[in-house]
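Chemist: kindly generate the corresponding structure for this input.
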Amino acid sequence: MSAIPRNSLDSSISPAAATSASMLKAAVLSVGKRISSVWNFWAYRRTMTQLITLDDHMLKDIGITRSDIHMAATLPCSNDPTSRLRMLALERRATERALANEIRQRRKLSAQRSMISGCEPYRSTDQRDTPPG
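Modeler: Residues are numbered from 1 along each chain as shown. Predicted coordinates:
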């Protein structure tokens with residue numbers, strides 16, 4: 001068997017050149033990440049500025065309060081304040097739903113108890129039906 005001669009143009013990269021290339025790639029990625037984080041920081045702050053200009057009624061429709069916005073604005077630069085606001089709004093809605101369900105359950109239980117005992121639930125004198133006359 002005869003050895004196939006290597007083409008002179010097909011030379012392998014020296015280890016030093018490969019190390020330099022990988023270091024350059026890492027540096028470019030690091031700079032890219034920093035630029036991305038600065039861009040995200042300004043985008044988050046722009047969103048926070050838009051939110052703080054809304055009136056209280058609109059903020060309530062979204063499910064957040066002004067204090068939520070101020071709290072989210074104090075987060076470190078690397079954190080997304082809008083995701084924190086989203087979590088606060090979801091927690092608030094879940095709490096309101098749980099409270100509404102609890103009130104419904106209590107009313108239902110009270111109605112069942114009054115039906116079992118045969119008595120009407122207590123109503124103040126101004127709510128009672130008085131016969132005319």
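
Chemist: find me the pLDDT at the closest residue to Arg66 other than its chain neighbours, would you?
Modeler: Excluding its sequence neighbours, the residue lying closest to Arg66 (C-beta to C-beta, 6 or more residues apart in numbering) is Leu59, at 6.6 Å. In this view, the C-beta of every residue, glycine as well, is placed from N, C-alpha and C. We have a pLDDT of 88 for Leu59.

Chemist: name the SS class of Leu59, please.
Modeler: helix (DSSP: H, G, I helix; E, B strand; the rest coil).

Chemist: tell me if I'm right that it and Ser67 touch.
Modeler: No - counting by C-beta atoms under 8 Å, Leu59 does not reach Ser67; the two are 10.2 Å apart.

Chemist: neighbour count for those two, which is higher?
Modeler: Ranked by neighbour count (other C-beta atoms under 10 Å), Leu59 and Ser67 place Leu59 first, with 17 against 9.

Chemist: quick one: contacts for that one?
Modeler: Going by C-beta atoms under 8 Å, 6 or more residues apart in numbering, Leu59 touches 51, 65-66, 69.

Chemist: narrow those to those in helices?
Modeler: 51, 66, 69 (DSSP state H).

Chemist: just the buried residues from those, in PyMOL please.
Modeler: In PyMOL, this line selects whichever of the ones in helices among the contacts of Leu59 come out buried by 16 or more other C-beta atoms under 10 Å:
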select buried, resi 51+69
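
Chemist: pLDDT weak spots in the protein?
Modeler: Scanning the chain for pLDDT under 70 picks out the ranges 1-18, 118-133.

Chemist: helices of that one, start to end?
Modeler: Secondary structure of the chain (DSSP H): helices at 15-52, 56-62, 66-73, 81-117.

Chemist: most tightly packed of those helices?
Modeler: Greatest average neighbour count among the helices of the chain goes to helix 66-73 (a mean of 16), per mean count of other C-beta atoms under 10 Å.

Chemist: which strands and helices sit next to that helix?
Modeler: helix 15-52, helix 56-62, helix 81-117 (3 or more C-beta pairs under 8 Å, 6 or more residues apart in numbering; DSSP states H and E).
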